[in-house]
Each structure stands twice: as structure tokens, then as C-alpha cells.
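Participant: please find the sequence and the predicted model below.
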Amino acid sequence: MANKIVTSSKLFRHGSIKWGRFPGGNPNILFENQEYLNNKDVVYCMSGKLSDVSEEESFLIALCRQGIKSLQIHMPYYGVATMERVGKKNIVATAETIAKMISTPLLSTKTGKPILIIHDMHALPVRFYFPDTVTVKPQTAIDILLEILKTTHPDIVIAFPDDGAYKRFAEYFEGFRMIVCAKARKGDERVVTIFKKENWPKDDSVCREHVIIIDDLTRSGGTIEECEKALKKEGFENVSAYVTHAAFDRPEDYQKFFTENGGKFHKFYTTDSIQDNAREIKGHAPFEVIELGTHSAREILKECDLPWHKLEEQKTINVYVASTNETKMGAVYDVISKANEGCIVNVYGVEDISSGVSEQPIGLETHQGSKNRLANLQEWVKYHGYEYDYLVSIENGIDLNIQSNSDTQATQAETPSDAQATQSDAQATQSEASSEPFDFCVISMRKAGSVYMNESTLRTYIGRVQHLIDQSVKLGKTVTVGSMIEKEFAYLKGAWHKHFGPHTRYDMITDTLLRTLGDVKSQ
């Protein structure tokens, strides 16, 4: 959702948050410096998952202290809104308790209280559960559905599965023919029947072609299934459905609607308010997933008195790096941004991607570590369902003898077709006659299924700390030489290269990235 908002207008940019953890499991949250946030309109896309609430709330409290101009919190789905009342004293109405947890600690910004925006909240009175520390602005995704229906099915009939859905959504469908269903229980069986009709002509045979069921959410899909059966009995040829929130609890709850599994709906519209389920159903007929990002962007700009009608989607390039090191991520951003002017470049750092080699790789071990990290990054991205343009793995290592390294053959790519693009540039720009050990990097990059690898030609010679290299080897290469240098000489973390000169780690990485990107473009 954040990506969609950012790519909709040049007026937006990505913020930076690192959701880290200490070894004991407690949160270790870092975000960008106050100087970049002061007097800015800030939008935060909140997951709303109960497992995330405490960490998100901790971040939001700190964010409000950064001198920001305004804060809009977008929480597409407030799941606990279904538990808004109790029939017994010993039951917790989590809609009310979580609302207080989210809102009570928040501080005002320079222009007033934070604004909390929730799409199609299940029970509308829940908005009054939030204390006055925030301004709650309910939004609906029905407007987006209406745009779709007016161009594809202007004569469609609107059906509501119960009177509650009718009271909630009927106002958006003025002028449409409408049907209201009713649920009744016969023992353990739930039966849906036609309760009433509105705007219905005397000759209703003309209204039987297409009907769409409208509701805010579905979990098991049982009510919508029964409603579909009742409408088919009524004589409708095509029955579609829409819910804002595809809140399916189990895979089998949405898989039964897949056309490939015998599902009977003509179309099943929903939004990406619940990302996990949206990823699973996207691309499976009859589901059509509506993205809320662009719609939200329009509302954000309106709230900030900015030109919302000039939304123009820009080309976006998504890059995942197998590290959260700022130097590595910064180098990747700078190189790919310059090579793709006019595009929005998003660089995401991913922690704890294994290299499968020692902490201090030596020689060809560095190449293998870079290759392994790229493969593991690809698995991570695939598991989470993220789309990417580039995957990048940067492995720093040392070599004990420059002469032997210059004879190294090219590291092979993962597929034979990539071999020509993976020649290792091992010839040093400095004197090859020297046997002084040096620090270097190997970069592996994946683009459109192909893998490219290059070794840095810029190097940092570290002969004067030979004793630290020996110590690292003696310790089984479990401690990096760089960390030992920083400790012995009291250098800032990640900045020791510049003290050995003439090239910094940033220089080394950007030079290698430029050549690797050149290999990509030549293909």
C-alpha cells in the first residue's frame, strides 16, 4: 500500500524504518533522523495485526516527538471491530480495548491531532471507541467499486446479504435496483431468502442477468455462498460478490471460490486491505483484487491541501539488498537511481540472509558467500510474495595474496546462459606484483531470472594489520578483520577503509555495481 501511494505522485517519498530485534527478542526500532522529519506531513501505513501493535505504537509515539507537521495513520483493516460488544461480563470487547491502546499515548503534531483512517470498519460505532487523542476518519472502498461497475456493468442489480449490510451501504447505490436478503436458522442450517426489493420494475424479467452481493467482509464465506444460491433460485444468470476485506481465516475458505475448484461466482471483487490473503487469491479467477494505494493517495493529498487530481503513476524499480548496512544500501540506491533517471527507486535491506560461509571469508570463499546470499535472498522474497526488479548481494572478504587471485577463473553463474556476464574482474588497478593482503568485495545481482557477478577492482590494502588477519584465521574466521580494526584503532563502525585509503568501501561497491549493472544492460 505504501509503495502504491509513493508511486502515485512526486509529492511523496518513502520514509525509513528498521524493524530490528535484540538477541533476546525485544524490539530494536530505528528510523530516519529528526532533521528529515521536521515540519513534514507524514503518512504511516499501519498493519493493524495484534502481533505488531505494541511495536508500531512505540514507533508512532517517538515519531510524534520529531516536530512533524501532521500525521495520517492508514489502517486499512481494523480486524477487532467485529468484537465490539459483549453479552456477558467476563468477555473482552477487544474493539474498545485495542482502540485505546493504539490512540491514547499519541501526541499532537504541529497542526493538531493525528488522523486515523480506516476502510469500511465492520461496526461503525467503533469509531467512537477511540479517545480524543486522534481524529478518526472512516473511508469506504465502495467508491472504487462503483467506478468499476459503471464502466463494466451499469445495469447490475445490487444485493445485500442481510438488513445490516443494506442499512450500511444502500446510500452508495441510489438509482440501482436492489435486493435485500435475510438469514434464518433451521436447526444447525443457515438459510438465506429474498426479503425485499427496491427500485424494481413491474416486468422484472429484465433484471435477471447480473447481480452483485455487497458486504464489508467475509471470513468463512458461508453467508455469501448461501446468498448466491438464493439469487440463483431467483433466476439470476450471473452472480458476483464484493467484500472490502477478504478476512478468510483458512486457505480452504477462499480456495473453494476458485473457478478451478468449481466456484460459481462470475466475479469476486475485494481489496488488498489484508495483504496476506490478497497475495494468495490474486490471479485466481473469479477474484479481482482492488488496490487501495492510489485511492488512499488521493485522500492524503486532499487532507494536506495538495493537488490530488494530478496523480500520475511513475515507473517504480524495487531493489532488495541482502543487508541493512547503510553504506551498501546507499551505494545500491545511488547507482541504480542514476542509471534510471525519472524512476522511483525503492531499496529494501533484508537482515539475516545467510552467506553459508565464515564471518570472515577469504579468497574464493567471498565469491561463494555472495552467490549463496543472493540465492537465499531470492527464496526470502519468493516466500513473502514480493515483486522485484533487482536482487543484490554484496560480500566483503580478504585475499592473502594478490598474485594468486589474479589467476582465478570466472565464477560460474547459476544458469549457463549467464556465463558470459559473470567474468570476474580480478586484475587489480594497483600493482599486482605486491603480495600484500587486501579487502575486496564481490557483488551478485539478479535481474529478470539472470545472475551477474563481479569482483571489485578497487581494493583496500591491509598489510599493516597482518597480525589481525592471523588472529581472525586462528579464531576460525568467526570474527571479521574489519571489526578487529575498528576495535584496535577506535574507528567508527563501517568506516575503517578510508583510514587505509585511497578508496572507501562506498567507492569499492559503487565501482563494482556500475560494472555489474553494465553487464545487465548489455544483455
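Facilitator: Sure thing, it's come through. Numbering: from 1, shown residues only.

Participant: next up, phi/psi of the closest residue to Gly356 other than its chain neighbours, please.
Facilitator: Nearest non-adjacent residue to Gly356, counting by CB to CB, 6 or more residues apart in numbering: Asn372, 3.9 Å away. In short, each C-beta sits where N, CA and C put it, glycine included. With angles defined as degrees, to the nearest 10, Asn372 sits at phi -60, psi -40.

Participant: which ones are touching Asn372?
Facilitator: Ser354, Ser355, Gly356, Val357 (CB atoms under 8 Å, 6 or more residues apart in numbering).

Participant: can you list phi and psi of the third one for me?
Facilitator: Looking back up the chat, that one is Gly356. Residue torsions, per degrees, to the nearest 10, at Gly356 are phi 70, psi 10.

Participant: how much space is there between Thr244 and Val86?
Facilitator: 25 Å (CB to CB, to the nearest Å).

Participant: more neighbours: the two, which one.
Facilitator: Thr244 (30 against 11; other CB atoms under 10 Å).

Participant: buried ones in stretch 339-351?
Facilitator: For stretch 339-351, the neighbour count (16 or more other CB atoms under 10 Å) marks Ala339, Ile344, Val345, Asn346, Val347, Gly349, Val350 as buried.

Participant: re earlier: so for the residue nearest to Gly356, what's the pLDDT?
Facilitator: With respect to pLDDT, Asn372 scores 96.

Participant: and if you look at the one 4 residues further on?
Facilitator: Here, the pLDDT recorded for Asn376 equals 96.

Participant: regarding Val436, what is its secondary structure?
Facilitator: Val isn't right for residue 436; it's Glu. coil (DSSP: H, G, I helix; E, B strand; the rest coil).

Participant: next one: stretch 291-309 to chain centre, how far?
Facilitator: Relative to its chain's centre, stretch 291-309 lies at 19 Å (CA atoms, centre = their mean, to the nearest Å).

Participant: only the buried residues of that stretch, if you could.
Facilitator: Result for stretch 291-309 [16+ other CB under 10 Å]: buried residues 291-301, 303, 308.

Participant: which outside residues touch it?
Facilitator: So stretch 291-309 is contacted by 1-5, 7-9, 11-12, 41, 43, 70, 72, 74, 76, 115, 117, 119, 139, 141, 143-144, 271-273, 311, 313 (CB under 8 Å, 6+ apart).

Participant: of the buried residues of stretch 291-309, which belong to helices?
Facilitator: Gly293, Thr294, His295, Ser296, Ala297, Arg298, Glu299, Ile300, Leu301, Glu303 (DSSP state H).

Participant: do you know how far the second one is from Lys4?
Facilitator: Distance, Thr294 to Lys4, using CB to CB: 6 Å.

Participant: thinking again about what came up before, now for the contacts of Asn372: which two are most distant?
Facilitator: Ser354 and Val357 (9.0 Å; CB to CB).

Participant: of those two, who's got more company?
Facilitator: Higher neighbour count among Ser354 and Val357: Val357, with 21 against 12, using other CB under 10 Å.
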